[in-house]
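In: give me a model of this one.
(chains A and B)
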Amino acid sequence: MILELRDLQCGYGRRAVLSNVDLTVAAGENLCLLGPNGVGKTTLFRTILGAIPPMGGDVRIDGKSISGQSRRQRARQMAYVPQAHTAPFPFHVMDVVLTGRTAHISLTSAPSHHDEEVALGALERMGVADLADRPYTELSGGERQLVLIARALAQEPRVLIMDEPSSHLDFGNQARLLSLIKSLVHERDLAVLMSSHFPNHAFACASRVGLVKGGRLVAVGAPVDVLTEASLEDIYGVKVRILEGDPETDPFLKVCVARAT
Amino acid sequence: MGDGMTERVEADAAKAPARGLGARVRTTAVRLRLTGLILLPILVFLLSLMLGRYHVSLGEMFTLLGAKLGLTHAAVPENVSTVILTVRLPRILAALLIGAGLSLSGAAYQGMFRNPLVSPDILGASAGAGFGAALGIMLSKSVIITQFLALGFGLSAVVVTYMLAGRLRRGDPTLFLVLTGILVGTVFTSLISILKVLADPYDKLPAITFWLMGSLAAINTTDLLILLGPMVVGGAALLLVRWHLNPLSFGEEEARAMGAETGKLRVIIIGACTLLTASAVSVAGIVGWVGLIIPHLARGIVGPDYGKLLPVSAVLGGVYLLLVDDLARLAGPLEMPLGILTALIGAPFFILLMARTRRAWA
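Out: This next block holds a predicted model:
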């Protein structure tokens, strides 16, 4: 097990948002969290990343609690992909990806040749090396998201936390991103913890799924076991149908459709 | 400014089919800009030494330079040597240092606060130093005491801001720094007004008023030495950590997730910027706008990467303030206050910059 959450309780001040979270994510595994808006997925991620202190419990990487580790140590093991955002200044894409090397660069140094190679390699892996000299602020939402993932890869982490990586992308880019994430997980042996608003995305790329509702992690397991019409109706409060592909031609295809009435 | 050309070169480079070709075009452009940035301050420095009411020829200046370096033994007239060495040289060096220092701290703060409209006085350093100077003028006739009070109150104002922000803080620390900085600045500005009301209207009041307008007219070698220590320490600290302003520009939380030691960095940056700003104000009075516009000008030339932006801001800031100070010395029959000129030139210049780079800020 790489990433381990033990009886984690998280929230702001004295108000707990999520409690009793027990979860493990292994190398080469992608765990996708699903749950309604405001249920605490982002709060959980911020706690894991150390942006807010846990109210109880423990976050461990390789069995070692991260609470005693320095930020640099943590950042060398765990990277974060935020939702595509804008920067206050028109940084070149290469400069943005190089910031992913921060944990490897001492306070009084600048990126070395090696750092530049790693950053360029990450851009190449994401298929956007041709954007290296473009201003980040002029990219489309989809391109920015790919650049942010490249930045996280440049950090050379073992654990990757992604907050709704597909939320601002168009239909085609969503599909492309999900398959890219799926192949990255295996290729780099990453432990990925991501969140999504779309159960279909979990079907498409997750090895396991966690359902969050009412301040608890209510179910964790393989997508086919956890994502049922009943469980999705329960957490989202709408009617859900799950359709399966033809067992001969598309044995693994599953999609779900929601109806509000 | 020449960034029209730069943009075209970069556009051509982007269009070039092979990366290698684009890279070569860019290297030439970079080399040109680098040479310009080294030559520019030297040229403006020599020009400023020659300019003035007392005419000094280029030949006389080089003879003096040679004599001082022990290269020639040619005699230089006494008054040429006095004008150049004790009147113009300290003033020119002070203008270079102060312009560079204010631009460095403006650029660093704009990244740390993730806001292109931030200037070096954001945490109250200028207002505090202004109050210290006004107090010094009221209480004593010594310029040195006035300068030390200015420096001391400038530093204290920022310490108060920093500690208050730390106690009030919920969430994003930089937001609370800005808010408390504005409050502390307002309090010191009001205190300056109280001192003005209390000051002797025939003697002290005009002194305070003129001092606050900013000027380098009275600079001497002692002032320069007072300025040198804090400027070198603050400037060196910022230049050393400059690359880490890149991750910091993406905000506290992201920078931390990438492993940036944001707390330590913030203390270094605030400490360095405060040294630079407070020492500048303590010697030259309040010289606004330099720290706001020069970083933008520099960004237009080399882009926002702090590895290049900070050194270029320092060079451009020094050159800019020296040119404006030359104007202050020479433009009219009376010496113009420097702070008024920087504001008069800075405001329209800023509007121009904003119109040109609007796209990048959206």
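In: find the nearest non-adjacent residue to A:Ile52, please.
Out: The spatial neighbour of A:Ile52 that comes closest, neighbours along the chain excluded (C-beta to C-beta, 6 or more residues apart in numbering or on different chains), is A:Arg46 at 5.1 Å. Where you see a C-beta, it was placed from the backbone N, CA and C, and this is true even at glycine.
In: can you report how many residues neighbour the one you found?
Out: Here the neighbour count serves as a burial measure; for A:Arg46 (other C-beta atoms under 10 Å in any protein chain shown) it reads 19.
In: report the contact partners of it.
Out: If you count contacts by C-beta atoms under 8 Å, 6 or more residues apart in numbering or on different chains, A:Arg46 has them with A:10, A:52, B:253.
In: spell out which residues of the stretch 1-150 of chain A are next to chain B.
Out: Within the stretch 1-150 of chain A, the positions adjacent to chain B are A:46, A:49-51, A:71-72, A:74-76, A:78-80, A:82, A:87-92, A:95, A:98-100, A:102-105, A:107-111, A:133-135, A:137-138 by C-beta under 8 Å from any C-beta of the partner chain.
In: hmm, back to that, so which of the contacts of A:Arg46 would you say is closest to B:Ala67?
Out: B:Glu253 (59.6 Å; C-beta to C-beta).
In: quick one: contacts for that closest one?
Out: Taking C-beta under 8 Å, 6+ apart as the criterion, B:Glu253 is in contact with A:46, A:49, A:51.
In: what would those residues look like in CSV with pLDDT?
Out: As requested, these are arranged in CSV below (pLDDT from 0 to 100):
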residue, pLDDT
A:Arg46, 93
A:Leu49, 94
A:Ala51, 89
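In: in strands, which of those residues fall?
Out: Judged by DSSP state E, the subset of these located in strands is empty.
In: export those residues to CSV and append columns for distance to B:Met163.
Out: Below are those laid out as CSV (distance: C-beta to C-beta, whole Å):
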residue, distance to B:Met163
A:Arg46, 26
A:Leu49, 28
A:Ala51, 23
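In: which among those residues gets closest to B:Val118?
Out: Within the contacts of B:Glu253, the smallest distance to B:Val118 is 23.7 Å, found for A:Ala51 (C-beta to C-beta).
In: how far away is the closest residue to that closest one other than its chain neighbours from B:Ala75?
Out: On the basis of C-beta to C-beta, 6+ apart, the spatially nearest residue to A:Ala51 that is not a chain neighbour turns out to be B:Glu253, at 4.9 Å. Counting by C-beta to C-beta, to the nearest Å, the gap from B:Glu253 to B:Ala75 is 67 Å.
In: pLDDT score assigned to the one residue in the stretch 101-250 of chain A that gets nearest to chain B?
Out: Residue nearest to chain B within the stretch 101-250 of chain A (C-beta to the nearest C-beta): A:Ala103, separated by 2.7 Å. Predicted confidence (pLDDT) at A:Ala103: the value is 97.
In: just the buried ones out of the residues of the stretch 1-150 of chain A next to chain B, please.
Out: Buried by 16 or more other C-beta atoms under 10 Å in any protein chain shown: A:46, A:49-51, A:71-72, A:74-76, A:78-80, A:82, A:87-92, A:95, A:98-100, A:102-105, A:110-111, A:133-135, A:137, out of the residues of the stretch 1-150 of chain A next to chain B.
In: ok, B:Leu245 touching B:Tyr306?
Out: Yes - applying C-beta atoms under 8 Å, one finds B:Leu245 in contact with B:Tyr306, separated by 4.0 Å.
In: list the residues that contact both of the two?
Out: With C-beta under 8 Å, 6+ apart, B:Leu245 and B:Tyr306 have common neighbours B:Gly111.
In: low-confidence stretches in the stretch 101-250 of chain B?
Out: Within the stretch 101-250 of chain B, not a single segment meets pLDDT under 70.
In: format the contacts of A:Arg46 as a markdown table; extra columns: distance to B:Gly346 and pLDDT.
Out: Output for these, formatted as a markdown table (distance: C-beta to C-beta, whole Å; pLDDT from 0 to 100):
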| residue | distance to B:Gly346 | pLDDT |
| --- | --- | --- |
| A:Cys10 | 47 | 95 |
| A:Ile52 | 41 | 90 |
| B:Glu253 | 34 | 91 |
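In: ok, the contacts of B:Glu253 vs A:Ile242, which is closest?
Out: If you rank these by distance to A:Ile242 using C-beta to C-beta, A:Arg46 comes first, at 31.7 Å.
In: any idea how far the closest one lies from A:Cys32?
Out: When C-beta to C-beta is the yardstick, A:Arg46 and A:Cys32 sit 18 Å from each other.
In: quick check, distance from stretch B:75-91 to the centre of its chain.
Out: Chain-centre distance of stretch B:75-91: 26 Å, with C-alpha atoms, centre = their mean, to the nearest Å.
In: who's in contact with it?
Out: With C-beta under 8 Å, 6+ apart as the contact definition, stretch B:75-91 has outside contacts at B:48-49, B:52, B:54, B:56, B:60-61, B:63-64, B:67-68, B:216-217, B:219-221, B:223-224, B:325.
In: Three-state assignment for the residue in chain B that chain A sits nearest to, please.
Out: Using C-beta to the nearest C-beta, the point where chain B gets nearest to chain A is B:Gly259, with a distance of 2.7 Å. On the three-state scheme (DSSP: H, G, I helix; E, B strand; the rest coil), B:Gly259 is labelled coil.
In: let me see the contact set for it.
Out: Shown in contact with B:Gly259 (C-beta under 8 Å, 6+ apart): A:71-72, A:74-76, A:102-104, A:155.
In: hmm, 10 Å instead?
Out: Each residue near B:Gly259 by C-beta atoms under 10 Å, 6 or more residues apart in numbering or on different chains is listed here: A:70-79, A:99-105, A:155, B:247.
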